[in-house]
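Colleague: Got a predicted structure plus its sequence, pasted below:
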Amino acid sequence: MKNQAASKNNKQPVALVTGANQGVGNEIAKALAANGYQVYVGSRNLSNGEKAAAEIGENATAIQLNVTQQQSINAAVARIEQEYGRLDLLVNNAGISHAGKPGRPMEEVLAEGRATTASLDEVRAVWETNVFGVIAVTQAALPLLRKSDAARIVNVSSGLGSLTWVSDPACWAREHFGVVYAASKTALNAVTLSFALELEKENIKVNATSPGFTATALNNFQGTDSLEVGSREPVRVALETDGPTGRFTGPDGPLPW
């Protein structure tokens, strides 16, 4: 049974953005709401999500969502189904760069991500959110996405995940390619392409996009681009209802896998 909001405007597009209480996810949620979407602001901590949704306005609704807990995922999807009966856009934005204490300098995080010395516990923790969480949320949301006339899935990745770019001797980021965060984004790209190839026949579009080196909690706010700049490409891809599928793009255009 749909709620009053749904019955008032059944044609209003519905979006779910994971990790939307801050950073790039929050900017994406703001842009979607401003473009007429009913946006579910996914947040591990519901009170943080409620604060973010209140700041966005009437088109935003907070929803508790921990992408590493299947029960939380199932409850979120069930709520969206009850209230709107479908999902037009899923933005898998939730991600972590490490599993240590908040506020660690980026240099320390990168050093501890090196393949020869990285803690397997940290690898598992980061991949649980950045890779397995995306698979879990996408699989759970698919029944609702299949009820949309223009379903899209956008996975927020990173240029660091590009094997072609990082393997180039001229790439400035070569020394930062570790098995914790960077490799998780390579895996996410593979997951993106896998879903894109399988869902293409159903006309469900799946793409990966990189915000670039944006100053967020992910890098202890040491990025060089503002949130506004970093969110432009993810927002563009999210709003593109008639675009391609199976693509990986960044602020400057297409990126190599």
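Modeller: Okay, I see it.

Colleague: So, low pLDDT: which residues of the stretch 1-150 of the chain?
Modeller: Counting by pLDDT under 70, the stretch 1-150 of the chain contains low-confidence ranges at 1-9, 101-104.

Colleague: Likewise for the stretch 151-257 of the chain?
Modeller: Short version for the stretch 151-257 of the chain, where the test is pLDDT under 70: 213-228.

Colleague: for it, what spans make up the strands?
Modeller: 152-156, 205-209, 248-250, 253-254 (DSSP state E, counting those that start in this stretch).

Colleague: Adding distance to E55, write the ones you listed out as TSV.
Modeller: Placement of C-beta: from N, CA and C, glycine included. Below are the strands of the stretch 151-257 of the chain laid out as TSV (distance: least, C-beta to C-beta, whole Å):
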stretch	distance to E55
strand 152-156	20
strand 205-209	24
strand 248-250	27
strand 253-254	32
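
Colleague: can you redo the ones you listed as TSV with distance to K30 and mean neighbour count?
Modeller: Shown next, in TSV, are the strands of the stretch 151-257 of the chain (distance: least, C-beta to C-beta, whole Å; neighbours: other C-beta atoms under 10 Å):
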stretch	distance to K30	mean neighbour count
strand 152-156	15	26
strand 205-209	17	26
strand 248-250	20	19
strand 253-254	24	8
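
Colleague: Phi, psi for the residue nearest to L65 when sequence neighbours are not counted please.
Modeller: Once flanking residues are discounted, L65 sits nearest to G42: 3.8 Å by C-beta to C-beta, 6 or more residues apart in numbering. Dihedral pair for G42: phi -70, psi 130, per degrees, to the nearest 10.

Colleague: State the distance from G42 to S194.
Modeller: 22 Å (C-beta to C-beta, to the nearest Å).

Colleague: who's more crowded, these two?
Modeller: Between G42 and S194, counting by other C-beta atoms under 10 Å, G42 is the more crowded of the two (30 against 13).

Colleague: Test my guess that that one contacts T18.
Modeller: Yes. Under the criterion of C-beta atoms under 8 Å, G42 makes contact with T18 at 4.1 Å.

Colleague: Give the residues shared as contacts by these two.
Modeller: G25, L65, V67, A94 (C-beta atoms under 8 Å, 6 or more residues apart in numbering).

Colleague: Isn't the last one up against G133?
Modeller: Put plainly, it is A94. Yes. Contact status for A94 versus G133: in contact at 6.4 Å, counting by C-beta under 8 Å.

Colleague: what residues are shared contacts of those two?
Modeller: By C-beta under 8 Å, 6+ apart, the residues touching both A94 and G133 are T18, V67.

Colleague: Going along the chain, name the helices of the stretch 101-250 of the chain.
Modeller: For the stretch 101-250 of the chain, the helices defined by DSSP state H, counting those that start in this stretch occupy 106-111, 120-127, 133-145, 163-166, 181-199, 227-239.

Colleague: which other residues reach the longest one?
Modeller: The list of residues contacting helix 181-199 from outside it, by C-beta under 8 Å, 6+ apart, reads 96-98, 109, 113, 126-127, 130-131, 134-135, 138, 153, 155, 157-158, 160-163, 166, 176-177, 205-208, 245-246, 248, 257.

Colleague: Tell me the buried residues within these.
Modeller: Buried residues within these, defined by neighbour count using 16 or more other C-beta atoms under 10 Å: 96-98, 109, 113, 126-127, 130-131, 134-135, 138, 153, 155, 157-158, 160-162, 166, 176-177, 205-208, 245-246, 248, 257.

Colleague: Find the nearest non-adjacent residue to the most centrally placed residue in the chain, please.
Modeller: Geometric centre of the chain, nearest residue: N93, 1.7 Å, by C-alpha atoms, centre = their mean. Leaving aside its chain neighbours, N93 sits nearest to G25 (3.8 Å; criterion: C-beta to C-beta, 6+ apart).
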